[in-house]
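*Asks:* Build the 3D model from these lines:
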Amino acid sequence: MNHGIVGNEAAKFTPITEMAAKGLIREILADPDSVMVSGHCHLGGIDIWAEEIAEELKRPQIIHIPVNRRWRPHGFEERNLLIVRDSHTVHNIVVAGYRPGYHGMKFESCYHCKSTDHVKSGGCWTAKKAILKGKKAFIYIIHPSGATEKHDLSIS
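*Replies:* Take a look at the predicted model:
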């Protein structure tokens, strides 16, 4: 099964939440028949950790690198749609809040899904597109303690 693995950039994680995210990725890719699909985010985080763990577990990888670092043309939108196309399921791994000292752009809610229970992630946009294509999509919200909530987004 092809698993699209998307989510937050590295700067939004603490060492505890990073460890939890990597544990989730290992669980998602545990089946030897798993194929990891991701987007090689230049900001690190979930995409790059998924690649590293797929390599460690010797899982095949399908990596879609955007041609340009912009939404369109030939940027993040196209890359995210390719992730959806090549995945049977999409797994969006995000943190519940910004880490202390985070200096990047901050939003009151995730403008892709209007939720306030996690920080903004383009993974939410990708998961919504997967659902529209009839695919399963999950969100994993990692709290500062490392505790994680998993929600099936495919269920209305």
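
*Asks:* Please pull out the lowest mean pLDDT helix or strand from this structure.
*Replies:* helix 122-132 (a mean of 89; mean pLDDT, DSSP states H and E).

*Asks:* Could you export it as PDB, CA atoms only?
*Replies:* Presented in PDB, the C-alpha positions along helix 122-132 are these (Å, rounded to 0.1, in the frame of the first residue of the first chain):
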ATOM      1  CA  GLY A 122      -0.300  22.100   3.800                       C
ATOM      2  CA  GLY A 123      -0.800  18.500   4.700                       C
ATOM      3  CA  CYS A 124      -4.500  19.400   5.500                       C
ATOM      4  CA  TRP A 125      -5.000  20.600   2.000                       C
ATOM      5  CA  THR A 126      -3.400  17.400   0.600                       C
ATOM      6  CA  ALA A 127      -5.600  15.200   2.900                       C
ATOM      7  CA  LYS A 128      -8.700  17.100   1.700                       C
ATOM      8  CA  LYS A 129      -7.800  16.500  -1.900                       C
ATOM      9  CA  ALA A 130      -7.300  12.800  -1.100                       C
ATOM     10  CA  ILE A 131     -10.700  12.500   0.400                       C
ATOM     11  CA  LEU A 132     -12.200  14.100  -2.700                       C
END
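
*Asks:* where in this protein is pLDDT low?
*Replies:* The model of the chain has pLDDT under 70 over residues 109-112, 116, 156.

*Asks:* can you map out the strands along it?
*Replies:* 2-7, 35-38, 61-63, 89-95, 136-142, 148-152 (DSSP state E).

*Asks:* between those strands, which one is nearest to Ile25?
*Replies:* strand 2-7 (6.1 Å; C-beta to C-beta). All C-beta spots, glycine's among them, are computed from the backbone N, C-alpha and C.

*Asks:* Using CSV, write out every CA atom in the closest one.
*Replies:* What follows is strand 2-7, C-alpha atoms only, in CSV (Å, rounded to 0.1, in the frame of the first residue of the first chain):
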residue,chain,number,x,y,z
ASN,A,2,1.2,3.5,-0.9
HIS,A,3,1.2,5.8,2.1
GLY,A,4,1.4,9.6,1.5
ILE,A,5,3.1,11.0,4.5
VAL,A,6,2.9,14.8,4.9
GLY,A,7,2.8,17.4,7.7
